[in-house]
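Visitor: Everything below, folded, please.
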Amino acid sequence: MDRLLIIVICVICSVPSFPKQSLYIGLVGDIMLGRRYPISKYKNGLSPSATVYLAEVAPFLKKNDLNIGNLESTLLDRGGKMLKSISANHYSFKTPTRYAKDLRNVGFNVLTIANNHTMDFGQRGRRSTANAL
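Guide: Okay, the predicted model is just below:
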């Protein structure tokens, strides 16, 4: 079964000038929206929508005022040259650009891309990711 593990940490911050109000912030670690390799129940390897992967965590994210996560993949539909593996345990991740909309719809406001998979598909992958977001 395809699975996505997202750990949602909710932080409550009191705003000093407004003591009766709180700001809820969700901080999410690595987000890799993809399939279990080498098999998947989806014909083309991935679901048409990322909401299938995010369904279980969406209720937690929607309760927050701000959600920040680390996108551990490039958003690229086609092309881009996969970088050569530097070790036997190195994986390269490519996720459809259409998933950017799904990430926003479940509540993500900020996604960081400064990680070890930013350049999995070179400059083209990095640019595509930035444009999609």
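Visitor: Check which helices and strands the longest helix along the chain sits against.
Guide: Looking across the chain with DSSP state H, the single longest helix is helix 122-132. The contact analysis (3 or more CB pairs under 8 Å, 6 or more residues apart in numbering; DSSP states H and E) places helix 122-132 against strand 74-75. For glycine as for every other residue, the C-beta is placed from the backbone atoms N, C-alpha and C.
Visitor: Give the pairing partners of the helix or strand following the strand it packs on; include direction for each.
Guide: Using DSSP states H and E, the next helix or strand after strand 74-75 towards the C-terminus is strand 94-95. Strand 94-95 has its sheet partners listed here by DSSP bridges as strand 74-75 (parallel).
Visitor: what helix or strand is Tyr53 on?
Guide: Take DSSP H and E as the rule and Tyr53 turns out to sit in helix 51-54.
Visitor: Tell me where this structure is predicted with low confidence.
Guide: For the chain, residues meeting the criterion pLDDT under 70 lie at 1-20, 34-45, 84-90.
Visitor: Output the longest strand along it as PDB, restricted to C-alpha atoms.
Guide: Longest strand in the chain, counting residues (DSSP state E): strand 18-31. What follows is strand 18-31, C-alpha atoms only, in PDB (Å, rounded to 0.1, in the frame of the first residue of the first chain):
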ATOM      1  CA  PHE A  18      -3.000  40.500  21.700                       C
ATOM      2  CA  PRO A  19      -2.900  38.300  24.800                       C
ATOM      3  CA  LYS A  20      -6.300  36.700  24.100                       C
ATOM      4  CA  GLN A  21      -5.300  35.500  20.600                       C
ATOM      5  CA  SER A  22      -3.100  32.600  19.500                       C
ATOM      6  CA  LEU A  23      -1.400  31.700  16.300                       C
ATOM      7  CA  TYR A  24      -1.300  28.000  15.300                       C
ATOM      8  CA  ILE A  25       1.700  27.000  13.300                       C
ATOM      9  CA  GLY A  26       2.200  23.500  11.800                       C
ATOM     10  CA  LEU A  27       5.900  22.500  11.200                       C
ATOM     11  CA  VAL A  28       6.200  19.500   8.900                       C
ATOM     12  CA  GLY A  29       9.400  17.600   8.200                       C
ATOM     13  CA  ASP A  30      10.200  15.800   4.900                       C
ATOM     14  CA  ILE A  31       7.300  15.600   2.400                       C
END
